[in-house]
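**Q** Here is a sequence with its predicted model. Questions after.
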Number of protein chains: 2
Amino acid sequence: MLDEFDIFKDFLKQKELRWTPQRKSILKVFLEQEGHVPIDDLHKKIHSEDHTIGIATVYRTMKLLMDAGLAEMHTFNEKTTYERLYQVRHHDHLICKACSKTVEFEHPLIEKYQEEVCERHGFTLKNHRMELFGICNECQK
Amino acid sequence: MLDEFDIFKDFLKQKELRWTPQRKSILKVFLEQEGHVPIDDLHKKIHSEDHTIGIATVYRTMKLLMDAGLAEMHTFNEKTTYERLYQVRHHDHLICKACSKTVEFEHPLIEKYQEEVCERHGFTLKNHRMELFGICNECQK
DNA sequence: GCCCTTATTGATATTGAGTATCAATATACT
DNA sequence: AGTATATTGATACTCAATATCAATAAGGGC
């Protein structure tokens, strides 16, 4: 099974782009993170491994990782974050409006009906974004 | 039946905020628009009715309209837009990744399952965001 | 209507995320 | 190794959105 590094290398080759130490470091650190990572967090962590990597390169590389299908960008609460996408079970998000707690879920029927809606309108579904905003147990007390 | 002006007035009173000519103009022009309106468009149109209204006030008022449940903000393709929310049938969006064409749809079962997911996790659902990104008929040719 | 407290406004400065620029450097292919 | 070209880091820049602030206006009490 191909891992993320192989995928990214293949992606780069296909686009006639290059596999560089910076891209390797950024991917490595990104994969070590859990959940939703803000870009400045990522930059700090990468910086501590290799303090020569600039923020612009982190932005550029995250965009490439998104194009390669390895990362997904979210903007729930003003702050943009990135999340792993490959070899991770697909899920949507349930977010507490009060405390920002995030729960991941997936619902096969919702997915199925999304497909249906697309077909009915002559669209080919590529990806989707579904976020439920509510108040969690704790915050209702 | 209360219209948007009454709703907004009540909302403001409740929060001890004031009903001003500017807020009235902005709401009026906003309600005259169709679909998804970018803030600069809105500002231009408002400006032609009352050229003293500044952009900052438009931003401020749109935020209030959102809090009052009269407007909804979207960010599909980089550009932020606002859409009417009250006395308008609830719907989600299907967006073409190629040409940005937007189709509105609603699916009662999806809504129902969203409720279920929330209950299962002890959340009270307040609102949601569901966007399907795909390629439309035209763009597949 | 008049007063007074306090919200609001417009103009503009500021912020901050993300992007463009560019000369120096590194990559990958021959 | 040599060469064409992609990449990098530093930094300038852009642009949407927000903060600041003095002047003004709401609106409740009288």
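**A** The structure has been received and is ready for your questions.
**Q** how about stretch A:78-89, does it reach DNA strand C?
**A** Yes - shown here: stretch A:78-89 in contact with DNA strand C (Cβ under 7 Å from any atom of the strand) through A:Thr80. Every residue, glycine included, has its C-beta placed from N, CA and C.
**Q** any residue of that stretch up close to DNA strand D?
**A** No - using Cβ under 7 Å from any atom of the strand, we find that stretch A:78-89 stays clear of DNA strand D, coming within 7.8 Å at best.
**Q** A:Glu32: neighbouring residues, count only.
**A** 10 (other Cβ atoms under 10 Å in any protein chain shown).
**Q** I'd like the distance between it and A:Lys79.
**A** 20 Å (Cβ to Cβ, to the nearest Å).
**Q** Give me the residues contacting stretch A:80-89.
**A** With contacts defined as Cβ atoms under 8 Å, 6 or more residues apart in numbering or on different chains, stretch A:80-89 is touched by A:3-4, A:7, A:30-31, A:33, A:35-39, A:42, A:62, A:65-66, A:69-75, A:106.
**Q** list the buried ones in that stretch?
**A** Within stretch A:80-89, the residues scored as buried using 16 or more other Cβ atoms under 10 Å in any protein chain shown are A:81-86.
**Q** Now go through the contacts of stretch A:80-89 and say which are in helices.
**A** A:4, A:7, A:30-31, A:39, A:42, A:62, A:65-66 (DSSP state H).
**Q** Mind checking which of these are buried?
**A** Going by neighbour count (16+ other Cβ under 10 Å), the ones in helices among the contacts of stretch A:80-89 have A:4, A:7, A:30-31, A:39, A:42, A:62, A:65 buried.
**Q** hmm, which two among the residues you listed are most spread apart?
**A** Distance extremes for those: the farthest pair is A:Ile7 and A:Ile39 at 21.2 Å, using Cβ to Cβ.
**Q** re earlier: dump the buried residues of stretch A:80-89 into CSV; add secondary structure and pLDDT as well.
**A** As requested, these are exported to CSV (DSSP: H, G, I helix; E, B strand; the rest coil; pLDDT from 0 to 100):
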residue, secondary structure, pLDDT
A:Thr81, strand, 96
A:Tyr82, strand, 97
A:Glu83, strand, 96
A:Arg84, strand, 96
A:Leu85, coil, 94
A:Tyr86, coil, 93
